[in-house]
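Q: Here is my input, please return the structure:
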Amino acid sequence: MARGRRKVSTESLDMKIEQQKKVLEKAKAKYEAEKESLAELVKLRNEMRKEELMEAVIKSDHSYEEILAFIKGGESEK
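A: So this is what the prediction gives:
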């Protein structure tokens with residue numbers, strides 16, 4: 001005996017579609033919030049690194065030009 005496809009009403013499908021849209025919207029909102037949180041953390045880390053680098057430059061015995069040349073991969077002249 002062959003089984004036929006169960007008939008589903010269009011109202012039932014419409015309701016399921018709306019429910020799925022809501023689930024998707026919630027997931028998207030959560031994703032966007034998590035993405036924003038990640039961006040803030042990366043920004044904070046970069047700011048901390050900049051401060052650390054500046055402190056190292058200030059405390060260094062080398063000149064700004066020597067440090068910059070080193071960072072760029074050039075030879076520092078003495």
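Q: When you work out contacts or count neighbours from here on, use the C-alpha atoms and nothing else.
A: Will do.
Q: Distance check, residue 21 against residue 27.
A: Between residue 21 and residue 27 the computed distance is 10 Å (Cα to Cα, to the nearest Å).
Q: worst-scoring helix or strand of the chain, pLDDT-wise?
A: Within the chain, no helix or strand scores below helix 64-72, which has a mean of 91 by mean pLDDT, DSSP states H and E.
Q: Could you give me the buried positions within that one?
A: Buried positions in helix 64-72, judged by neighbour count with 16 or more other Cα atoms under 10 Å: 66-67.
Q: what's the answer for stretch 42-59, then?
A: Buried residues in stretch 42-59 (16+ other Cα under 10 Å): none.
Q: Now find how far off-centre that stretch is within its chain.
A: 20 Å (Cα atoms, centre = their mean, to the nearest Å).
Q: Convert it to CSV, retaining C-alpha atoms only.
A: Output of stretch 42-59 as CSV, limited to C-alpha atoms (Å, rounded to 0.1, in the frame of the first residue of the first chain):
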residue,chain,number,x,y,z
VAL,A,42,39.2,43.8,19.2
LYS,A,43,39.1,47.6,19.4
LEU,A,44,40.0,47.5,23.1
ARG,A,45,42.9,45.1,22.5
ASN,A,46,44.2,47.3,19.7
GLU,A,47,44.1,50.4,21.9
MET,A,48,45.9,48.6,24.7
ARG,A,49,48.6,47.4,22.3
LYS,A,50,49.0,51.0,21.0
GLU,A,51,49.5,52.2,24.6
GLU,A,52,52.0,49.5,25.3
LEU,A,53,53.9,50.2,22.1
MET,A,54,54.1,53.9,22.9
GLU,A,55,55.3,53.3,26.4
ALA,A,56,58.0,51.1,25.0
VAL,A,57,59.0,53.8,22.5
ILE,A,58,59.2,56.4,25.2
LYS,A,59,61.2,54.2,27.5
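Q: and the angle for the top helix by length along the chain with helix 64-72?
A: When the chain is parsed with DSSP state H, its longest helix is helix 10-59. Relative orientation of helix 10-59 versus helix 64-72 (axes from the mean of the first three to the mean of the last three Cα atoms, to 10 degrees): 140 degrees.
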